[in-house]
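# I would like to see how this sequence folds:
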Amino acid sequence: CLPLEGIGYDVGYRFVERCTRDRARLPDALEVIKFICKEFWTQLFHKNVDKLQTNHRGVYVLQDFNFRILQRISGTDAESTR
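From the prediction side, this is the model:
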């Protein structure tokens, strides 16, 4: 039995494979990030990435200010005061 992280990795890997099977190999990291922001994120979450930042040394940060998956985990202020 795989731990939860392993299951998530496997599902993500298969989803990316399915999304990219009919396209040419992406040549560099910037093209991969563009693909993730414009196509992959949109297919997976039905919305665009809200913000993309880089330190110009190969580190990219994608931000989604309304990430639906985590909304149910984190409580609102009204819920936390109960």
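# Where does pLDDT dip in this structure?
1-2, 74-82 (pLDDT under 70).
# Could you say which helix or strand holds the spatially most central residue of it?
For the chain, the residue nearest the mean C-alpha position is residue 41 (5.6 Å; C-alpha atoms, centre = their mean). Assigning secondary structure by DSSP states H and E places residue 41 in helix 41-45.
# Kindly report the same for residue 69.
If you go by DSSP H and E, residue 69 is part of helix 68-71.
# If you count neighbours, what's buried in the helix or strand harbouring residue 32?
When secondary structure is defined by DSSP H and E, residue 32 falls within helix 29-35. If you call a residue buried by 16 or more other C-beta atoms under 10 Å, then helix 29-35 has these buried ones: 33, 35. (Glycine included, C-beta is placed from N, CA and C.)
# max-length helix in this structure?
Criterion DSSP state H: the longest helix present in the chain is helix 4-20.
# who's in contact with that helix?
Under the criterion C-beta atoms under 8 Å, 6 or more residues apart in numbering, residues 2, 26, 35, 39, 40, 43, 44 lie in contact with helix 4-20.
# where's residue 63 relative to residue 24, distance?
Relative to residue 24, residue 63 is positioned 28 Å away (C-beta to C-beta, to the nearest Å).
# what do you get for residue 69?
For residue 69 relative to residue 24 (C-beta to C-beta), the value is 31 Å.
# what's the offset of stretch 62-76 from the middle of its chain?
12 Å (C-alpha atoms, centre = their mean, to the nearest Å).
# I misspoke; the intended subject was stretch 37-52.
So, by C-alpha atoms, centre = their mean, the centroid of stretch 37-52 is 7 Å from its chain's centroid.
# Distance across that stretch, terminal residue to terminal residue?
In stretch 37-52, first residue to last residue: 8 Å (C-alpha to C-alpha, to the nearest Å).
# Is it correct that the residue nearest to the centre of the chain is in contact with residue 62?
Yes: shown here, residue 41 and residue 62 form a contact pair, counting by C-beta atoms under 8 Å, at 7.3 Å.
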